[in-house]
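Student: One predicted model, sequence on top.
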Amino acid sequence: MAIKKKSKTVVIGHLEKVSRGIFDKYQKQIAKMIKGRHGVYALYRHNKLYYIGLAGNLRNRIKTHLKDKHGSSWNYFSLYIFKSESHIRELEALLLRIAYPEGNRQRGKLKGSNDLQPILKQQVKDQQIKELEDLFKMACPHSLVQLL
């Protein structure tokens, strides 16, 4: 019998698609749950993702977004509490690059990640050249090529 390894938890708590009105009305209860916690949060305009951010103090960050330039742009929020801060910036960058929300200006940088597109382009180019060569070899047998 194989022994299952217990996976390490990254997200230790979350609230999803909660009305901003709940944040105002029940701020003390929410603050108690997320006090001093770090994580990633998302702001929504109706059912559409508007903004993604990270915060060392989720409560204060969402509270700030009630009054800043994004204040009137969202009516729901989600938050995800992380066990540690070790990969929080990289995760935020990944989410920004995948979702590209309207309210975020930056895409997010994947520090230390290699862009594989140039490698793939070269491999596709090499394959296409080989295919082209093979197509013309079949169209012109060697005996005909010598006559030309």
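Tutor: Received, thanks.
Student: Gly36: what secondary structure?
Tutor: coil (DSSP: H, G, I helix; E, B strand; the rest coil).
Student: which stretches of this structure form helices?
Tutor: 20-25, 27-34, 58-65, 88-99, 117-139, 142-147 (DSSP state H).
Student: looking at those helices, which is closest to Thr9?
Tutor: Evaluated with C-beta to C-beta, these place helix 88-99 nearest to Thr9, the distance being 13.9 Å. Just so you know, the C-beta spots here come from the backbone N, C-alpha and C atoms, and that holds for glycine as well.
Student: send the alpha carbons of that closest one over as CSV?
Tutor: Output in CSV follows, covering the C-alpha atoms of helix 88-99 (Å, rounded to 0.1, in the frame of the first residue of the first chain):
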residue,chain,number,x,y,z
ILE,A,88,2.5,35.8,-3.1
ARG,A,89,4.0,38.3,-5.6
GLU,A,90,4.6,35.6,-8.2
LEU,A,91,1.0,34.3,-7.8
GLU,A,92,-0.4,37.8,-8.1
ALA,A,93,1.7,38.3,-11.3
LEU,A,94,0.4,35.0,-12.7
LEU,A,95,-3.2,36.0,-12.0
LEU,A,96,-2.7,39.4,-13.6
ARG,A,97,-1.2,37.8,-16.7
ILE,A,98,-4.0,35.3,-17.1
ALA,A,99,-7.0,37.5,-16.3
